[in-house]
Structures are given as structure tokens and as C-alpha cells.
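Undergrad: Can you look at this prediction? I've put the sequence above it.
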Amino acid sequence: MLEIKGLQTGYGKKQVLFDVSLEVKEGEIVGIIGPNGSGKSTLLKAVCGLLSTWQGEICFQGASLKGLSPAQAIARGITFAPQGNRVFDELTVQENLEIGGFLLTRGALPSRLGEMLGLFPALKDRLRLSAGRLSGGEQQMVALARALVTMPKLLMLDEPSLGLSPGLAGDVFGKIVRINKETGAAVLIVEQKVRDVLEICHRVYSLKLGKVAFAGLPAELKGDKRKLKELFL
């Protein structure tokens with residue numbers, strides 16, 4: 001579904017990613033782990049069009065994404081939930097969800113919002129509340145629901161557990177698994193809670209200093225503390 005070959009990119013003159021290659025197949029949950037500053041978030045931004053590709057290729061369902069804007073990437077079936085419970089604080093929960101469906105027709109939007117409330121029932125009684133008044137866990141649910149309104153084929157998540165208690169983080173990971181199973185959307189997830197993401201992903205990549213340091217199955221890392229330590233030092 002998603003194929004990245006030899007990706008090089010960065011910010012201004014500072015290169016962050018060096019010859020990165022990875023793939024996400026249909027229906028997979030693929031995890032990206034690694035130390036802070038290794039280029040994990042940069043990779044997701046490049047896929048969704050927030051950063052330009054300096055060299056290499058990013059293809060989605062066989063077609064190049066090079067030069068596409070974030071809106072065009074969404075139209076292709078890719079959505080991105082950035083880190084930090086990114087909601088529009090002063091807008092209501094319903095308005096946040098409606099923004100996620102800006103590419104949908106007016107007739108299609110209500111049914112999609114209804115499906116999101118079925119997936120996130122805790123939001124039903126909070127639709128008219130300002131999103132900024134919600135708890136961190138509830139805001140994360142809004143961010144996830146907003147990213148799903150357009151029925152993406154690929155959902156990209158940047159540290160969805162950031163700032164959440166272990167219990168709430170567990171709820172979020174459970175939702176991700178459910179989303180993957182019930183909607184069929186592939187998931188590319190950047191996460192610092194390594195043990196948690198290894199439990200839910202089908203394959204995992206580790207970035208270090210902007211390069212792929214590991215690519216394989218979660219089972220290869222779960223019981224290997226020495227290898228995990230090596231990847232993060």
C-alpha cells in the first residue's frame with residue numbers, strides 16, 4: 001500500500017532522513033520506534049505532504065505522492081493525527097469532527113459522524129463542548145475520530161499515547177487495534193511506548209540518526225532487551 005524508497009528530507013538545510021526505505025501492506029499495523037530526534041515524525045510529515053521529498057520516492061497504491069499537498073494526500077486516502085492531542089481548543093467537538101470531513105459532501109458527513117460516535121461513544125455527550133475542556137484522553141479520541149471521518153486507507157499516528165496515563169494509553173492502543181480490524185485501514189504509528197506498540201503491530205521499524213536501524217517482526221525485539229537498548233542508545 002505504502003512504499004518508501006531511499007527517502008531523504010529535512011528542514012531548511014538540515015537533513016534529517018538519510019536513504020530511508022520501508023513499506024506498509026494492506027491491513028497492517030506498522031510501528032516506528034527509535035530515540036528522540038531520529039526522524040520518526042519527519043517521516044510521517046513527508047508522507048502526508050507537510051515536507052517535500054529531497055530524494056527518493058514515496059508511493060501510495062502504486063502512485064507517487066511527490067509534490068502532493070496534505071489535502072491531496074487526504075483525497076488519496078491518507079490521514080495524519082499529529083502528536084500532542086492536536087484539537088482546535090475553541091471549537092466544539094462536533095466542529096472538530098466536521099473539519100476532518102472537509103472533503104466529504106454535505107450529505108455524506110452526517111452518516112460518517114454517526115459512525116465515529118459509534119466507534120467513540122464517550123464523545124456523544126460532549127459534541128457541544130469546546131474541545132479544549134476535554135481531558136487528554138478525550139482529546140486524543142477526538143483527534144483519532146477526526147482523522148477517520150474520511151474513511152482513510154492509511155491512518156498515520158504520531159505518538160497517540162503522549163501525555164496519557166498508562167490506563168488511558170491502553171484504551172487508545174485498544175482503539176487503534178479495533179479501528180484496524182473494523183475499518184480495514186492500515187496504520188503507521190510512531191510511538192515511544194515501545195512495549196505497547198510491539199504488542200499491537202504486525203511489523204516494526206526502528207530509526208536511529210535518520211536511518212533504518214531495524215526492520216522486522218515485533219517478536220524479534222520483545223524478548224531482546226540488549227537489542228532494544230542498542231537501538232535507543
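TA: Received, thanks.
Undergrad: all helices for this structure, in order.
TA: 40-47, 70-76, 93-100, 109-119, 136-148, 166-183, 194-200, 219-222, 225-232 (DSSP state H).
Undergrad: Can you get me a residue count around Ser195?
TA: Actually, residue 195 is Arg rather than Ser. Arg195 has 11 neighbouring residues, counting by other CB atoms under 10 Å. Every residue, glycine included, has its C-beta placed from N, CA and C.
Undergrad: quick one: pLDDT of it?
TA: Listed pLDDT for Arg195 reads 91.
Undergrad: cool, Gln83 as well?
TA: 82.
Undergrad: so what's the residue nearest the centre of the chain closest to, chain neighbours aside?
TA: Centroid-nearest residue in the chain, with CA atoms, centre = their mean: Leu157, separated by 1.6 Å. Distances taken as CB to CB, 6 or more residues apart in numbering put Ile189 closest to Leu157, at 4.5 Å, once the chain neighbours are dropped.
Undergrad: just Val87 next, same as before
TA: Among residues not flanking Val87 along the chain, Ala131 sits closest, at 4.1 Å (CB to CB, 6+ apart).
Undergrad: Looks like that neighbour contacts Gln140 (just checking).
TA: No - checked against CB atoms under 8 Å, the pair Ala131 and Gln140 is beyond contact range at 11.0 Å.
Undergrad: Which one of the two is surrounded by more residues?
TA: Gln140 (28 against 24).
Undergrad: OK, contacts around that one?
TA: 85, 160, 164, 168, 172 (CB atoms under 8 Å, 6 or more residues apart in numbering).
Undergrad: same thing with Phe60?
TA: 1-3, 47, 73, 76-78, 154.
Undergrad: distance of it from Val24?
TA: To Val24, Phe60 is 9 Å away according to CB to CB, to the nearest Å.
Undergrad: Gln15 now?
TA: Distance from Gln15 to Val24, by CB to CB: 23 Å.
Undergrad: ditto for Trp54
TA: According to CB to CB, Trp54 stands 21 Å off from Val24.
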